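Student: Predicted model follows, preceded by the sequence.
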Amino acid sequence: MRRAVPALLLALALAAAPASAHVGSPNVFFDGQAGPYPLRVIVRPPVVIPGTAEVTVRLEDRRRIDRVTVQPVLFQAGFEAAPDPDEARPVPGAPGLWSSQLLVMKEGSWNIQVAVEGPEGKGTVQVPMPAVRTRLLGMGRGLGGLLLALGAFLFVGAVSVVGAAVREASLPPGTAVDRRRVVRARVAAGLSAALFALAVWGGKVWWDSAESQMRTGLFQPFTVRSSVEAGAGRPRLSLAVVSESGLRDWLPLIPDHGKLMHMFLLREPGLDAFAHLHPVAQDKQQKSFLSALPPLPAGTYRLYADVVDEDGFAQTLVDRVEIPAIPAGGDVAGAVPPPDPDDSWWVSEPLGASPDTGGPQVSRLAQGGTMLWRQEPLAANQETTLRFEVRGADGQPAPLEPYMGMLAHAAINRDDGAVFVHLHPMGTLNMAAQQVFANLATDHSAHASMAGMAGMDHSAHAAGSVVSFPYEFPQPGRYRIWVQVKSAGQVLTGVFAASVAPRPAS
Amino acid sequence: MESIAPVAIPRPRAESATMPWYLVTMLLGSTGIAVGILWDLSWHLSIGRDTFWSPPHVAVYFGGVLAGLSCGALALRTTFAGSEAERAVAVRFWGFRAPLGAWVAIWGALAMLVSAPFDNWWHNAYGLDIDKFTPPHALLTLGMVVIQLGALLLALSAQNRAGTASLRSLSLAHLYGAGLLIVMFIPVHVIEPNGRHTNSFYALMAAYLPFMIVAVARSSRARWAATTATAFYMLIVALTVWIFPLFPARPRLGPILNPMGHMAAPEFPLLLVVPALAVDFFLQRRKEKQAGWLDAVWIGAGFLLLFFLVHWYTAGFLLSPAARNWFFGAHRYASYSVPPPSALSYQLYGLDPVTPASFLMCALWAIASTRAGLWFGQWMAGVRR
């Protein structure tokens, strides 16, 4: 058994801007139907709490909509305690685009209920959003300098006012200031300067304490420890939750696509070997997991494990794990779970092995098929749609089947590990969490019809052999994308490279 | 209750009997600030969500801007176009001239202004501190209070220079300004009736209320100054208790644990006129209100005793169903985010009991506070510019 090097872990944790669900990629994308209306909803959660969530709703065809409302719902409080829905406003000059800002007052598992009304009726969709503090903001030099100058001005002004008060305020009108008053004024100004300095120092202590409170209040993902027990023959991978996040309890998990955990293993540094596994919980607290390990090449792997709490809070557990060379024959002591039938893995050429021309990329699939990505120029923080076309060995469009209930799965990882996201054609939103809130909504209103809930028909996101994913790369840099589909009963994994430019200055 | 003490204060030659224009705008601005703060509190209790431009904020900014602009204009006018008489009652400040209160108020308005970018950054860095007191909010509040102090000083200097013709109205203006300042210094959550059987409530109140009330009484030329100023405080708060709940409101922030249908009322005001009577009673018995250490003992102890009796014995009433009516509005001091029945509104805390020893300590606080108030009031009584 080999363990990840703590320093490397630390580096990974530092590189990864913590986000609850996914890593470094907190924005929630949803593509789907709200009643008769095809929509894209983008929720940008606040980075500080209380803070503002930005909600954008875009109608994806030319239908008319008259009204869009958004309503924030906290899981623990339910729909009963939600405020009245907010009217989203149409964005001028962008037909079909609506936007709204919502105040999120508490940390936790939130949901935005988006309701759309038009001549064809009303449609509703739930978009879950974990809200946690994720960022500490430093003060820029410009603002810092300005505030310092203004503060100094106020300080000197206050001391001068005290001086002026003692010197002249009680002087009978028209009388000149005498020497005695000038001296007294100077003494008073000096004393008040000391007093005000003390007050400023008190303010600094107060500020520091707020800063340190904020620092400890930042969301920390649960720490997990993973290891591979190779022995000989059938190796297994175990994962255990070893520390509390300090801000959340480890709640019972709920299955997403029928699995409690979706684990991704990505080999460093070339991101060439990939596995998508489904470890099984070994204890009642669901703090320890075990999975059969597929035949992966030895090396250091990034480990990302997606889980969803029962309150709909989705989170990604992060670790690094050494996979040793596995000798053939023999068996490991102890139980080795049978491999999950939906486990899949794939080995490709390392990232950067082929020059990225920015043009179309073709990835060879198992069984001789191909997956084609007509890459568009990508920039950070710019919404895009990643569209992939699957062809069989005969060059004809390959008919796709659902893989764990979805037409496709994608995993995206930045070369340094700072960004990881697991998404589907319906977006980055977590479907188990969406179901939690859909149930809550149904409980709340006996009239609410599940037919109005979007996202239940997961095969609607592509026609035949094309799959697409809504996404926004959060940072510039080099990324690897794995796209998984199922055709003729076999899981196929396409592997691509993406170069994301910095956001162009607008 | 208003009558003027026959106090001989040397006054300058003939002065107009009317109230100066800047005193009117300053008291208006000060009112905007005090009422705006109470309104904002009610807004956050009942609606929750606001913007920079919410009506209560506008009332507060109106107060700040009115004060800043009128005092700025007064300073420019006095410096560059002031008559001999106007310049004679001005204080020099960095080469400019204006009455002291104007400089104080201008500083307050600038402090409010400076707090804005600081507060904006704070929100971005640490979250929208809607119901939390933070350093930028402290600076903002300091700015507001200093503006009100400026209004008070302007009224004071006018009163101190006034002849009999205008003394009554200027003295009332001073006491009204003092009432507004007392409103600002009595935060609603600090005076919730369920805390009125705790030692910390009396210790806190004894620490600064005597200072404020005694300073006002000492500097006023009215006989019943403390009583009048505290009556203004009670009237202003009571009006908001009666008026705010008349307006419908719906919470706009979740989770809504108490669906309110109207604006919340602030807590019913403290019954400050009762201990204020003691202050006036003692000061009236001193020539020109000149009072020393021994007087401070009597005034401080008297103030605390009356304050204690009246608030200790009315706390239970304010928590009882008898106070849940339009007049006391006990049931209308509620928040959308606290599920009813709020424990706060229906029980008395006794975790921090008042004991003879702790009460003696409170009395020492009250006496020291009174002595400081007498000292500061004496200085204020001499402010002529």
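Tutor: The structure has been received and is ready for your questions. As the structure is a prediction and not an experimental result, all values here were calculated from the model.
Student: Settle this for me: residue A:55 is touching residue A:43, isn't it.
Tutor: Yes. Between residue A:55 and residue A:43 a contact is recorded at 5.4 Å, counting by Cβ atoms under 8 Å. Backbone N, C-alpha and C define where each C-beta goes, glycine included.
Student: out of those two, which sits in the busier spot?
Tutor: Neighbour totals were compared for residue A:55 and residue A:43, and residue A:43 leads with 28 against 25 (other Cβ atoms under 10 Å in any protein chain shown).
Student: ok, the residue nearest to that one when sequence neighbours are not counted - how many residues close by?
Tutor: Residue nearest to residue A:43 in three dimensions, not counting chain neighbours: residue A:28, with 4.3 Å by Cβ to Cβ, 6 or more residues apart in numbering or on different chains. Residue A:28 has 25 neighbours, counted by other Cβ under 10 Å.
Student: residues in contact with residue A:28?
Tutor: A:41, A:42, A:43, A:44, A:45, A:127, A:128, A:129, A:427, A:428, A:429 (Cβ atoms under 8 Å, 6 or more residues apart in numbering or on different chains).
Student: Just send those residues back as JSON lines, with secondary structure and pLDDT too.
Tutor: Shown next, in JSON lines, are the contacts of residue A:28 (DSSP: H, G, I helix; E, B strand; the rest coil; pLDDT from 0 to 100):
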{"residue": "A:41", "secondary structure": "strand", "pLDDT": "93"}
{"residue": "A:42", "secondary structure": "strand", "pLDDT": "92"}
{"residue": "A:43", "secondary structure": "strand", "pLDDT": "93"}
{"residue": "A:44", "secondary structure": "strand", "pLDDT": "92"}
{"residue": "A:45", "secondary structure": "coil", "pLDDT": "90"}
{"residue": "A:127", "secondary structure": "strand", "pLDDT": "92"}
{"residue": "A:128", "secondary structure": "strand", "pLDDT": "91"}
{"residue": "A:129", "secondary structure": "strand", "pLDDT": "91"}
{"residue": "A:427", "secondary structure": "strand", "pLDDT": "88"}
{"residue": "A:428", "secondary structure": "coil", "pLDDT": "88"}
{"residue": "A:429", "secondary structure": "coil", "pLDDT": "86"}
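Student: related to what we said a few turns ago, how close does the residue nearest to residue A:43 sit to residue A:101?
Tutor: 15 Å (Cβ to Cβ, to the nearest Å).
Student: For the helix or strand residue B:29 falls within, buried residues please.
Tutor: For residue B:29, the host element (DSSP states H and E) is helix B:21-46. By neighbour count with 16 or more other Cβ atoms under 10 Å in any protein chain shown, helix B:21-46 contains the buried residues B:22-23, B:25-27, B:29-46.
Student: from the middle of its chain, how far away would that helix be?
Tutor: 11 Å (Cα atoms, centre = their mean, to the nearest Å).
Student: where does residue 120 land on pLDDT?
Tutor: No chain was given, so I picked chain A. Note for residue A:120: predicted pLDDT of 90.
Student: that's the wrong chain, I wanted chain B
Tutor: On pLDDT, residue B:120 comes in at 87.
Student: Can you give me the neighbour number for it?
Tutor: So residue B:120, with other Cβ under 10 Å, has 13 neighbours.
Student: That one should be in a helix, yeah?
Tutor: Yes. Per DSSP: H, G, I helix; E, B strand; the rest coil, residue B:120 lies within a helix segment.
Student: what about the stretch 101-250 of chain B, any weak spots by pLDDT?
Tutor: B:129-131 (pLDDT under 70).
Student: same thing but at 80, please
Tutor: B:128-132 (pLDDT under 80).
Student: residues in contact with the residue of the stretch 251-385 of chain B at minimum distance from chain A?
Tutor: Per Cβ to the nearest Cβ, residue B:255 is where the stretch 251-385 of chain B lies closest to chain A, at 3.1 Å. Going by Cβ under 8 Å, 6+ apart, residue B:255 touches A:74, A:76, A:77, A:81, A:82, A:106, B:337.
Student: which SS class is the residue lying closest to residue B:189 once chain neighbours are set aside?
Tutor: Closest residue to residue B:189 apart from its sequence neighbours, by Cβ to Cβ, 6+ apart: residue B:267 at 7.9 Å. Secondary structure, three-state DSSP: residue B:267 is coil.
Student: can you check residue A:318 too?
Tutor: Applying three-state DSSP: residue A:318 is strand.
Student: same question, residue A:31
Tutor: With three-state DSSP as the basis, residue A:31 sits in strand.
Student: picking that back up, and the gap between the residue of the stretch 251-385 of chain B closest to chain A and residue A:104?
Tutor: Relative to residue A:104, residue B:255 is positioned 11 Å away (Cβ to Cβ).
Student: same check, this time on residue A:471
Tutor: Taking Cβ to Cβ as the measure, residue A:471 falls 23 Å from residue A:104.
Student: which residue ranges form the helices in chain A?
Tutor: Using DSSP state H, the helices of chain A run over A:6-15, A:141-164, A:179-217, A:431-444.
Student: Whatever helix or strand residue B:74 lives in - contacts with which helices or strands?
Tutor: Following DSSP H and E, one finds residue B:74 within helix B:55-81. Of the remaining helices and strands, those touching helix B:55-81 by 3 or more Cβ pairs under 8 Å, 6 or more residues apart in numbering or on different chains; DSSP states H and E are helix B:21-46, helix B:84-88, strand B:96-98, helix B:100-126, helix B:135-161.
Student: who in the stretch 151-300 of chain B is up against chain A?
Tutor: With Cβ under 8 Å from any Cβ of the partner chain as the criterion, the stretch 151-300 of chain B meets chain A at residues B:153, B:157, B:161, B:250, B:251, B:252, B:253, B:254, B:255, B:256, B:257.
Student: Just the local confidence number for the residue lying closest to residue A:404 once chain neighbours are set aside, please.
Tutor: Residue nearest to residue A:404 in three dimensions, not counting chain neighbours: residue A:257, with 4.1 Å by Cβ to Cβ, 6+ apart. With respect to pLDDT, residue A:257 scores 86.
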